[in-house]
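# here is a sequence with its predicted model. Questions after.
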Amino acid sequence: MHITDNRKKINLANVLTTLRILLTPVCILFIIWNIPNHRLIALIIFILASLTDAFDGYLARIRGEITSFGKFYDPLADKILILSVLIVLAFDINKAWCWWAVGILCFREGLVALLRRRFARQGVSVEPNSYGKIKACIQIIAVGGLILQTPVAPYLLWISVIFSIFSGLYYVNAWKIRPQSILTHNPPLQDDIAKDGRSNYH
């Protein structure tokens with residue numbers, strides 16, 4: 001896949017990625033700021049931030065604007081948005097079930113990031129799996145529900161935790177046995193944290 005010159009970092013896809021990071025503290029502010037309809041405003045901001053994730057990778061691919069900046073910051077922006085909002089909500093809810101869920105998700109994201117870094121150093125990329133995609137979708141819905149304090153949100157969060165565990169085990173298994181069916185060999189990367197393409201809901 002063609003990667004544009006790292007000097008050309010300013011493009012629409014990277015602007016959307018940066019916007020997602022910048023919207024995260026704004027969303028958090030409205031979660032904790034006790035003004036009328038503050039949670040509804042926070043939800044709208046969260047949805048807007050989540051939508052940028054749906055478009056930045058697509059735009060980068062169709063416009064041929066995949067950069068090292070996007071490769072690194074696109075998945076990082078996803079984690080910043082989801083985990084930061086979840087941690088703030090955990091403080092707000094202050095229940096053991098929520099802290100356990102957030103702790104498992106944080107551990108999973110850290111483990112997968114470490115494994116992907118090691119794969120990249122060896123010039124190997126792991127194809128995305130369906131568990132990760134389902135996890136990402138349910139997670140966004142669950143976080144939105146937690147912002148609005150809907151009764152079903154805790155169950156959705158734990159469903160996303162279950163899919164997160166399966167998705168994480170997929171990467172652990174790939175590291176242990178590295179079957180050709182799920183691994184793609186690439187030339188060793190100069191930037192050892194770069195990935196093939198932008199975010200793929202892993």
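Cool, got the structure.
# tell me where the protein is predicted with low confidence.
Across the chain, the ranges flagged by pLDDT under 70 are 1-9, 124-126, 128, 177-202.
# go again with 80.
1-10, 56-72, 119-129, 174-202 (pLDDT under 80).
# any idea how far the spatially most central residue of it is from Glu127?
By Cα atoms, centre = their mean, the chain has its centre lying nearest to Asp78, at 3.2 Å. Note on Asp78: its distance to Glu127, by Cβ to Cβ, to the nearest Å, is 18 Å. Glycine gets a C-beta too; all of them are placed from N, C-alpha and C.
# list the buried residues for the helix or strand Trp99 falls within?
According to DSSP states H and E, Trp99 maps onto helix 96-121. Buried positions in helix 96-121, judged by neighbour count with 16 or more other Cβ atoms under 10 Å: 98, 101-102, 104-105, 108-109, 112, 115-116, 119-120.
# please compute how far the host helix or strand of Ala54 lies from its chain's middle.
Secondary structure from DSSP H and E places Ala54 in helix 38-62. Averaging C-alpha positions (Cα atoms, centre = their mean, to the nearest Å) puts helix 38-62 12 Å from its chain's average.
# checking the residue lying farthest from the centre of the chain next. Helix, strand or coil?
Distance to the chain centre peaks in the chain at Pro36, reaching 29.8 Å (criterion: Cα atoms, centre = their mean). What DSSP: H, G, I helix; E, B strand; the rest coil gives for Pro36 is coil.
# following the helix holding Ala54, which helix or strand comes up?
Following helix 38-62 in sequence, per DSSP H and E, is helix 68-93.
# go through that next one and flag the buried ones.
Quick answer for helix 68-93 (16+ other Cβ under 10 Å): 68-83, 85-90, 93.
# give me the neighbour count for Leu12.
By the other Cβ atoms under 10 Å criterion, the neighbourhood of Leu12 contains 13 residues.
# could you pull up the residues touching it?
The contact partners of Leu12, by Cβ atoms under 8 Å, 6 or more residues apart in numbering, come to 56, 59, 63, 65.
# which single one of the residues you listed is nearest to Ser50?
Minimum distance to Ser50 across the contacts of Leu12 is 11.3 Å, recorded for Asp56 (Cβ to Cβ).
# so the helix or strand where Leu23 lies versus helix 38-62, what angle?
If you go by DSSP H and E, Leu23 is part of helix 12-32. Taking axes from the mean of the first three to the mean of the last three Cα atoms, to 10 degrees, helix 12-32 and helix 38-62 form an angle of 170 degrees between their directions.
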